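**Q** Below: sequence and its predicted model.
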Amino acid sequence: LYLAYVPAMFFFLLAVSLFNGVGDFQRYNVARLSYYLINLVLVLVIWWAAPILVDLLDWVVFANLVSVYGVLALALGMLHNLQPTGRNRGAACEKDDVRTIFHLAVLFVLPVALGHVSTAAYQIVLDHQMGVKALGFFVVFFAYSRLLSPLGSAIGSHVFHLGIAGEQHNIARIFRQSLVVNLLCAVPLALLAGTLVPIIFGREFVVETVTVGVLLISSLLALLADTMGEYLNGRRKVAADSIGRIIYLSSLAILGGMLVPVLGLLGMAEAVAISDMLRCLYLVNRVK
């Protein structure tokens, strides 16, 4: 089921990226929100019907599959009436245009691949160090700390468009505003972690408040780094994002091996936070 999910998700993301690239944020927001809404409705239906369902996990995976194909159809429908802007208005898409697109896409292969590895890196380190049970708890804490990610994604998408436009913008101001907004959202999440984590993920989770707090700091740094990375990618300076990811992965591997055996889950959270900080500092310096 998940293998069938992959092509639809990537084509959907391509369509959404096109809306973002031409600055059509209305269609961009409709496409992204539609996925979350369809998925939420299906999951709630499954939750309601859980007592009579067999293989509940398969139904949840199937809901994800239906959601992504549904929004792919929606995005393709919105692409049908999309008009080129500027000097390309009314121009047909030629073979040379397609070649140009693929040549441009090659630039982003490495940072995107490193981004996927970065997402799973802490899981690999923690599973080797502490086993799957501890990993399960940490994944929940990590997911809670990343509840801010839709906000960061929205900011990053707009900053990516600013990079593409090539105009002069006060990126330092955007960085400061993003920091303030993310911080205002992270503080309540940290204070309410002991209450919200069991409500959202299940009563069996005993919250390590300090670990969650460190992960929220990590999340804030990661979102700021992603914003700077998106701006640089928009300017086609993809090497900077790749180097930032390599700095993160190298730091996480070293610090994870040092801190996890001593501090457990807190050590993993600290390793992630420090790695995000190093990546953020590097990208901020490049943008500066």
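**A** Everything's here; your move.

**Q** And the helices in the stretch 1-150 of the chain?
**A** In the stretch 1-150 of the chain, the segments counted as helices under DSSP state H, counting those that start in this stretch are 2-21, 25-49, 56-80, 95-107, 109-130, 132-145, 149-165.

**Q** Quick one: low-confidence residue ranges for the stretch 1-150 of the chain.
**A** 81-98 (pLDDT under 70).

**Q** mind running it again at 90?
**A** Across the stretch 1-150 of the chain, the ranges flagged by pLDDT under 90 are 1-36, 38-40, 43-65, 67-68, 71-120, 122, 125-150.

**Q** What is the burial count for residue 159?
**A** For residue 159, the count of nearby residues is 25 (other Cβ atoms under 10 Å). For the C-beta atoms, the positions are set from N, CA and C on the backbone; glycine is no exception.

**Q** how close does it sit to residue 175?
**A** Noted for residue 159: a distance of 9 Å to residue 175, by Cβ to Cβ, to the nearest Å.

**Q** Repeat that for residue 217.
**A** 17 Å.

**Q** quick revisit: would you mind listing the residues touching both of residue 159 and residue 175?
**A** By Cβ atoms under 8 Å, 6 or more residues apart in numbering, residue 159 and residue 175 have these common neighbours: residue 227.

**Q** Dump the helices of the stretch 1-150 of the chain to JSON lines, plus distance to residue 231.
**A** Formatted as JSON lines, the helices of the stretch 1-150 of the chain follow (distance: least, Cβ to Cβ, whole Å):
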{"stretch": "helix 2-21", "distance to residue 231": "13"}
{"stretch": "helix 25-49", "distance to residue 231": "16"}
{"stretch": "helix 56-80", "distance to residue 231": "24"}
{"stretch": "helix 95-107", "distance to residue 231": "15"}
{"stretch": "helix 109-130", "distance to residue 231": "13"}
{"stretch": "helix 132-145", "distance to residue 231": "23"}
{"stretch": "helix 149-165", "distance to residue 231": "5"}
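
**Q** nearest to residue 203, of the ones you listed?
**A** Closest to residue 203 of the helices of the stretch 1-150 of the chain is helix 132-145 (Cβ to Cβ; 12.2 Å).

**Q** list the helices and strands that closest one packs on?
**A** For helix 132-145, the packing partners by 3 or more Cβ pairs under 8 Å, 6 or more residues apart in numbering; DSSP states H and E come out as helix 109-130, helix 193-201, helix 209-234, helix 265-287.

**Q** Alpha carbons of the second one, in CSV - could you do that?
**A** Which is helix 193-201. The C-alpha coordinates for helix 193-201 follow below in CSV (Å, rounded to 0.1, in the frame of the first residue of the first chain):
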residue,chain,number,x,y,z
ALA,A,193,3.4,18.6,27.2
GLY,A,194,2.6,16.6,30.3
THR,A,195,-1.1,17.0,29.5
LEU,A,196,-1.2,17.1,25.7
VAL,A,197,1.1,14.1,24.9
PRO,A,198,-1.1,11.5,26.7
ILE,A,199,-4.3,13.1,25.2
ILE,A,200,-2.9,13.1,21.6
PHE,A,201,-0.9,9.9,21.5
